[in-house]
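J.: Could you work out the structure for the sequence below:
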Amino acid sequence: MGKKVKVINESDTGRNQKFQDDKGKTMTRNQFVREIERGNYSDYHVREVNGVKTPCSNPDGKTNNNLG
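T.: Next up is the predicted model:
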């Protein structure tokens, strides 16, 4: 299983902006997207939402481990 990541800051519109992994590493959305694209967070993927690359947790049927 990969690293768990949680959202620690959202914009006024609800877009996730800052993230922290279970090792305490804090990342902006762009930094987290780059890390996912490099293969460093295997439980997550990148989607384009309204033209913005957005980190998403991979579906696994569980609701308690979604980004939020």
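
J.: mind listing the helices for this protein?
T.: For the chain, the helices defined by DSSP state H occupy 29-37.

J.: Can you tell me the centre-most residue of this protein?
T.: Nearest to the mean C-alpha position of the chain, by Cα atoms, centre = their mean, lies Pro55 at 4.1 Å.

J.: What's opposite that one in the beta bridge?
T.: Val46 (DSSP bridges).

J.: need the contact list for it.
T.: 5, 16, 19, 29, 32-33, 36, 41, 44-46, 67 (Cβ atoms under 8 Å, 6 or more residues apart in numbering). Heads up, the C-betas are built off the backbone N, CA and C, glycines and all.

J.: Whichever of these end up buried, select them in PyMOL.
T.: Only the buried entries of the contacts of Pro55 go into this PyMOL selection, using 16 or more other Cβ atoms under 10 Å:
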select buried, resi 5+16+19+29+32+33+36+41+44
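
J.: The contacts of Pro55 into TSV, with extra columns for distance to Gly61 and pLDDT?
T.: Listed next are the contacts of Pro55 as TSV, based on distance: Cβ to Cβ, whole Å; pLDDT from 0 to 100:
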residue	distance to Gly61	pLDDT
Val5	18	96
Asn16	21	95
Phe19	22	98
Arg29	25	97
Phe32	23	98
Val33	24	98
Ile36	20	97
Tyr41	19	96
Tyr44	16	96
His45	16	97
Val46	21	97
Leu67	16	66
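
J.: Could you let me know which of the contacts of Pro55 ends up closest to Pro59?
T.: His45 (9.3 Å; Cβ to Cβ).

J.: can you tell me how far the closest one sits from Ile36?
T.: Distance of His45 to Ile36, computed by Cβ to Cβ, to the nearest Å: 7 Å.

J.: got it, and Ser11?
T.: Noted for Ser11: a distance of 19 Å to Ile36, by Cβ to Cβ.

J.: So which residues make contact with stretch 4-22?
T.: Contacts with stretch 4-22, where a contact means Cβ under 8 Å, 6+ apart, come from 3, 26-29, 32, 41, 43-44, 52, 54-55, 57, 65, 67-68.
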